[in-house]
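Participant: Test case, fold it:
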Amino acid sequence: MRHLLLSILLVSISSMSFAEAPNEVEYLDLSKVESSKQFHFLVGNWSYATANNMAHGKSTGSLQVGDSVISETTHGNFGESAFIGQALYLYDSEHQQWRQHWIDSLGSVLESSVKMEAYVESKLPAMVGELEFQDQKLKHVWYNITENGYQTDLLVYNDESKSYQLIRRMPYRKVTE
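Facilitator: Take a look at the predicted model:
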């Protein structure tokens, strides 16, 4: 009888479906997206916050001028300071590359060329913009993009270590109304 129960138990275990494991997150593979549409994930309403809540707020992205311009408006706080920011993402069809232009009420005016490349924190290729601000080399990275969110990292170049170091990580989550 004991062998029969053990046999039944083994047959039951071997016939169990292991598809019940939690679903893996499905990331957008930007390498399979037409270059003129690689920033379209920004379209929609988003909330964001750093882990320490130093920066938090909401942003809204919308398509303008067909598929080649995305306008993003951001309202939030950085520390104790409230700010409003406006970004324009422009697709340069001649070079098959995006450009980001950013201005905000705290006095930042930034411009970067953005290209798709590998990023150590990302499971798939990321969008990486390189820029200079106050004599510092920066990288702004958009990665781990899903239907309901994405991450951004801001990195600064360290001349001593000859490498980029993380200065801000910010997850964005889709706002459903």
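Participant: The lowest-mean-pLDDT helix or strand in the chain: what's the following helix or strand?
Facilitator: Least confident element among the helices and strands of the chain, by mean pLDDT, DSSP states H and E: helix 2-14 (a mean of 32). The helix or strand immediately downstream of helix 2-14 is strand 44-49, counting by DSSP states H and E.
Participant: Pull up the pairing partners for the helix or strand just after that next one, direction included.
Facilitator: Using DSSP H and E, the next helix or strand after strand 44-49 towards the C-terminus is strand 55-64. Strand 55-64 sits in its sheet next to strand 44-49 (antiparallel), strand 69-78 (antiparallel), going by DSSP bridges.
Participant: Quick check: buried residues in strand 55-64?
Facilitator: Within strand 55-64, the residues that count as buried by 16 or more other Cβ atoms under 10 Å are 55, 57, 59, 61, 63. C-beta coordinates here come from the backbone N, C-alpha and C atoms, glycine included.
Participant: Setting aside sequence neighbours, what's the nearest residue to the first one?
Facilitator: In space, residue 55 comes closest to residue 78 once its chain neighbours are excluded; the distance is 4.9 Å by Cβ to Cβ, 6 or more residues apart in numbering.
Participant: Tell me who's in contact with that neighbour.
Facilitator: 54-55, 106 (Cβ atoms under 8 Å, 6 or more residues apart in numbering).
Participant: hmm, who's touching the helix or strand harbouring residue 169?
Facilitator: Element membership for residue 169 (DSSP H and E) is strand 163-174. Residues outside strand 163-174 that contact it (Cβ under 8 Å, 6+ apart): 44-51, 55, 59, 139, 147-158.
Participant: try 6 Å
Facilitator: With contacts defined as Cβ atoms under 6 Å, 6 or more residues apart in numbering, strand 163-174 is touched by 44, 46-48, 50, 139, 148-158.
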